[in-house]
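Requesting a structural model of the entry that follows:
(one chain, ligands or ions: 1)
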Amino acid sequence: MDQTFLLALAVAFVVVLAAIGRIATRSPSPSGQAAADTGIGVSTEGMKVCPKCRMGNLWTERTCINCGTKLRG
Ligand SMILES: [Zn+2]
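Sure thing, here's the model as predicted:
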(Lines give C-alpha, C1' and ligand atoms only; values in the text may rest on other atoms or scores of the structure.)
Protein backbone atom coordinates (compact mmCIF):
# COMPACT_ATOMS: atom_id res chain seq x y z
CA MET A 1 0.00 0.00 0.00
CA ASP A 2 2.63 2.50 1.04
CA GLN A 3 4.98 1.37 -1.69
CA THR A 4 2.31 1.92 -4.32
CA PHE A 5 1.64 5.39 -2.96
CA LEU A 6 5.34 6.22 -2.95
CA LEU A 7 5.70 4.90 -6.50
CA ALA A 8 2.81 7.06 -7.66
CA LEU A 9 4.33 10.03 -5.87
CA ALA A 10 7.69 9.39 -7.53
CA VAL A 11 6.08 9.13 -10.97
CA ALA A 12 4.18 12.35 -10.41
CA PHE A 13 7.38 14.04 -9.28
CA VAL A 14 9.21 12.93 -12.42
CA VAL A 15 6.34 14.12 -14.61
CA VAL A 16 6.40 17.53 -12.94
CA LEU A 17 10.16 17.76 -13.38
CA ALA A 18 9.84 16.87 -17.05
CA ALA A 19 7.17 19.52 -17.53
CA ILE A 20 9.32 22.14 -15.82
CA GLY A 21 12.31 21.13 -17.90
CA ARG A 22 10.30 21.38 -21.08
CA ILE A 23 9.10 24.87 -20.16
CA ALA A 24 12.59 25.98 -19.15
CA THR A 25 14.27 24.73 -22.31
CA ARG A 26 11.60 26.04 -24.64
CA SER A 27 12.93 29.09 -26.40
CA PRO A 28 10.63 32.06 -25.88
CA SER A 29 10.67 33.22 -29.51
CA PRO A 30 13.08 33.93 -32.31
CA SER A 31 14.02 37.16 -30.60
CA GLY A 32 16.43 38.30 -33.28
CA GLN A 33 13.75 38.31 -35.94
CA ALA A 34 11.23 39.95 -33.61
CA ALA A 35 13.65 42.70 -32.65
CA ALA A 36 14.41 43.38 -36.28
CA ASP A 37 10.73 43.65 -37.12
CA THR A 38 9.62 45.84 -34.22
CA GLY A 39 12.11 48.59 -34.88
CA ILE A 40 11.29 51.11 -37.54
CA GLY A 41 14.22 52.21 -39.61
CA VAL A 42 14.84 55.77 -38.50
CA SER A 43 16.79 56.62 -41.58
CA THR A 44 17.59 54.98 -44.85
CA GLU A 45 19.69 55.99 -47.82
CA GLY A 46 18.87 59.64 -48.32
CA MET A 47 15.60 59.24 -46.49
CA LYS A 48 14.25 59.82 -43.00
CA VAL A 49 11.30 57.73 -42.00
CA CYS A 50 8.78 59.53 -39.84
CA PRO A 51 8.50 57.74 -36.46
CA LYS A 52 4.82 58.64 -36.27
CA CYS A 53 3.35 58.04 -39.73
CA ARG A 54 6.31 56.21 -41.36
CA MET A 55 6.32 58.65 -44.21
CA GLY A 56 9.61 58.78 -46.05
CA ASN A 57 11.09 62.26 -45.99
CA LEU A 58 14.20 63.68 -47.58
CA TRP A 59 17.19 63.62 -45.25
CA THR A 60 17.34 67.40 -45.43
CA GLU A 61 13.89 67.73 -43.92
CA ARG A 62 13.68 68.43 -40.20
CA THR A 63 9.99 67.78 -39.89
CA CYS A 64 7.73 65.25 -41.55
CA ILE A 65 6.17 66.57 -44.73
CA ASN A 66 3.05 64.54 -44.01
CA CYS A 67 2.30 65.11 -40.31
CA GLY A 68 4.89 67.66 -39.18
CA THR A 69 6.51 65.40 -36.59
CA LYS A 70 10.09 66.35 -35.78
CA LEU A 71 12.44 63.88 -37.42
CA ARG A 72 15.47 62.38 -35.75
CA GLY A 73 18.95 62.61 -37.17
ZN1 LIG B 1 4.91 61.88 -40.27
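
What part of this structure, helix or strand, is modelled with the least confidence?
Within the chain, no helix or strand scores below helix 31-38, which has a mean of 47 by mean pLDDT, DSSP states H and E.

Next to the ion, which bits of the protein? Give me the list.
For the chain, the residues in contact with the ion (C-beta under 5 Å from the ion) are 50, 52-53, 55, 64, 66-67, 69. For the C-beta atoms, the positions are set from N, CA and C on the backbone; glycine is no exception.

Scan those and report the most crowded one.
Counting neighbours by other C-beta atoms under 10 Å, C50 leads the residues of the chain next to the ion with 22 neighbours.

show me the contacts for that residue.
Shown in contact with C50 (C-beta atoms under 8 Å, 6 or more residues apart in numbering): 56-57, 64, 66-67, 69, 71.

Which of the residues you listed sits closest to A8?
T69 (64.1 Å; C-beta to C-beta).

re earlier: output the contacts of C50 in TSV; the columns should cover secondary structure, pLDDT and distance to F13.
Below are those laid out as TSV (DSSP: H, G, I helix; E, B strand; the rest coil; pLDDT from 0 to 100; distance: C-beta to C-beta, whole Å):
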residue	secondary structure	pLDDT	distance to F13
G56	strand	92	59
N57	strand	93	62
C64	coil	95	60
N66	coil	96	61
C67	coil	97	60
T69	coil	94	58
L71	coil	91	59
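
Now the helix or strand hosting A8: buried residues?
Following DSSP states H and E, one finds A8 within helix 2-25. Buried positions in helix 2-25, judged by neighbour count with 16 or more other C-beta atoms under 10 Å: none.

Now do it: distance to the chain's middle.
Centroid separation for helix 2-25 versus its chain: 32 Å, with C-alpha atoms, centre = their mean, to the nearest Å.

which strands and helices sit next to it?
Helices and strands touching helix 2-25, by 3 or more C-beta pairs under 8 Å, 6 or more residues apart in numbering; DSSP states H and E: there are none.

what sits against G56?
Counting by C-beta under 8 Å, 6+ apart, G56 touches 44, 47-50.

Sketch out the low-pLDDT regions of the chain for me.
1, 27-45 (pLDDT under 70).

Quickly list the domain ranges of it.
As assigned by automatic domain parsing, the chain contains the domains 1-39, 40-73.

Much appreciated, bye for now.
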